[in-house]
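Asker: I'll drop the sequence and a predicted model, then ask my questions.
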Amino acid sequence: MSLSCIQTFLSDIQIREYDIAPIKNVRVLIFPEDKPKVPKKSDAQIDYVPEFMLEQLFDNINNLHKEVVPVVYTMFKTGLRISDVLELKQDCLVKLNNKFWIETDIEKTYVEGHRIPIDDELANMLAVLIENTKKYSNEDNNPENYIFVRYKGSRKCKPYAQRWVQQSLNLLAIDYNITDEVGNRYHFKDHSFRHTYALKMLNGGADILTVQELLAHASPEMTMRYAKLLDDTKRKVFDNAIKQGIFSFDESDKLKEENDGEIPSDILDMLYTNHKLNALDTPYGTCMQRKNGKCSYAKQPPCLTCNNGSPCKDLCVGAFEGDTIKYEILISSTKTMIENAKMYNRTEMVNENEELLKLYENIYSKISQGSMIYSRLDKLKKQVN
């Protein structure tokens, strides 16, 4: 930083032809290799906000400065950089197909009209802000139509200062003792919320290209760093699960422990590699043998396929509240399975599970509205008569 300042100073005095200016051009006085390079952080050092600290933050969110609260929620739920959040304008909230989106220009990567899907809670919060700024704004105090704007003072017509947002968060951490797992006071950084959003998206099953698009990354390089960190985290969870014991079903369907003693590291690596390359999520666990595409037992539960590929006529769906939750889980799991299959170009598996997904969604659309599915009603009527 100091060498860069000196280089700028020498360049300026040469341009202005001051007597004290060096004779040689500044470009041959200071070379790029003269400037020390700051080592890049490893993937494991990405500053995201861990779940433990997020819980403390949102438990105390009402004690945060009221103007900062919507800024934090917007960073957390959109992954936008703090600079882009603070420059949101009154036309940023759009509704398409009954879903809310934020639409804005991304300054760093020169993306115009970038859209990010948001939930109703954030949409309602932004709608109130937009309404208030329209009420109090005019050409004198908010000519750019910002929603996070100062109407007077030294920053009149400008958005909130980024440093002030971060300072407010860290004052909250001090006042309400927000700490990490070992008890150290946590220091918030605005950009950490962007990293947190990316990791949550990947952890939720979003593919790399989708996350890259949502974050408006110019290249997949940064997005891949998130994926690497997520993979490292998953490996730790995997190893911890192995340490707790591996069990299998014996011939009588009883569980027995398989790993008597330490499992060799090469076996662990092979198991984890197979888990990453071949395994797919199912509502019942992780299938480790889907690499050949179609599984004759894949269409589960059999109650939905035993009637020549159609649901069993004796199956009653929607009679109990728990059925709705069951199908929400099945739909979510099947969508994840389809996304994973697409990543590995398993067309047959994609087609098979898309067909099953339609069946789940069709059933869910009926029972979520309070209807019930049962194909033996005529049989019951005959019994009554």
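Answerer: Structure received. Residues are numbered from 1 along each chain as shown.
Asker: where exactly do the strands run in the stretch 1-150 of the chain?
Answerer: Counting by DSSP state E, counting those that start in this stretch, the segments of the stretch 1-150 of the chain that form strands are 93-96, 99-106, 111-117.
Asker: partners of the second one in the sheet?
Answerer: It refers to strand 99-106. For strand 99-106, the paired strands and their directions (DSSP bridges) are strand 93-96 (antiparallel), strand 111-117 (antiparallel).
Asker: what's the average pLDDT for the last one?
Answerer: Translated: strand 111-117. For strand 111-117, mean pLDDT rounds to 89.
Asker: So which bits of it are buried?
Answerer: Within strand 111-117, the residues that count as buried by 16 or more other Cβ atoms under 10 Å are 111, 114-116. C-beta here means a position set from N, CA and C on the backbone, and glycine is covered the same way.
Asker: which residues sit in contact with residue 165?
Answerer: For residue 165, the contact set (Cβ atoms under 8 Å, 6 or more residues apart in numbering) comprises 68, 71-72, 82, 86, 190.
Asker: Residue 342 - nearest residue in space that isn't next to it in sequence?
Answerer: Distances taken as Cβ to Cβ, 6 or more residues apart in numbering put residue 350 closest to residue 342, at 5.8 Å, once the chain neighbours are dropped.
Asker: give the contact list for the one you found.
Answerer: Residue 350 touches 338, 341-342, counting by Cβ under 8 Å, 6+ apart.
Asker: mind checking which helix or strand it is in?
Answerer: helix 347-367 (DSSP states H and E).
Asker: could I have that helix exported to PDB, CA atoms only?
Answerer: What follows is helix 347-367, C-alpha atoms only, in PDB (Å, rounded to 0.1, in the frame of the first residue of the first chain):
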ATOM      1  CA  THR A 347     -30.400 -38.600 -18.600                       C
ATOM      2  CA  GLU A 348     -32.300 -41.800 -17.900                       C
ATOM      3  CA  MET A 349     -32.300 -41.100 -14.100                       C
ATOM      4  CA  VAL A 350     -33.400 -37.500 -14.700                       C
ATOM      5  CA  ASN A 351     -36.400 -38.600 -16.900                       C
ATOM      6  CA  GLU A 352     -37.400 -41.300 -14.400                       C
ATOM      7  CA  ASN A 353     -37.400 -39.000 -11.400                       C
ATOM      8  CA  GLU A 354     -39.000 -36.100 -13.200                       C
ATOM      9  CA  GLU A 355     -41.900 -38.500 -13.900                       C
ATOM     10  CA  LEU A 356     -42.100 -39.400 -10.300                       C
ATOM     11  CA  LEU A 357     -41.800 -35.700  -9.300                       C
ATOM     12  CA  LYS A 358     -44.900 -34.900 -11.400                       C
ATOM     13  CA  LEU A 359     -46.800 -37.600  -9.500                       C
ATOM     14  CA  TYR A 360     -45.700 -36.200  -6.100                       C
ATOM     15  CA  GLU A 361     -46.600 -32.700  -7.100                       C
ATOM     16  CA  ASN A 362     -49.900 -33.700  -8.500                       C
ATOM     17  CA  ILE A 363     -50.800 -35.500  -5.200                       C
ATOM     18  CA  TYR A 364     -49.500 -32.500  -3.200                       C
ATOM     19  CA  SER A 365     -51.500 -30.000  -5.100                       C
ATOM     20  CA  LYS A 366     -54.700 -31.800  -4.100                       C
ATOM     21  CA  ILE A 367     -53.900 -32.600  -0.400                       C
END
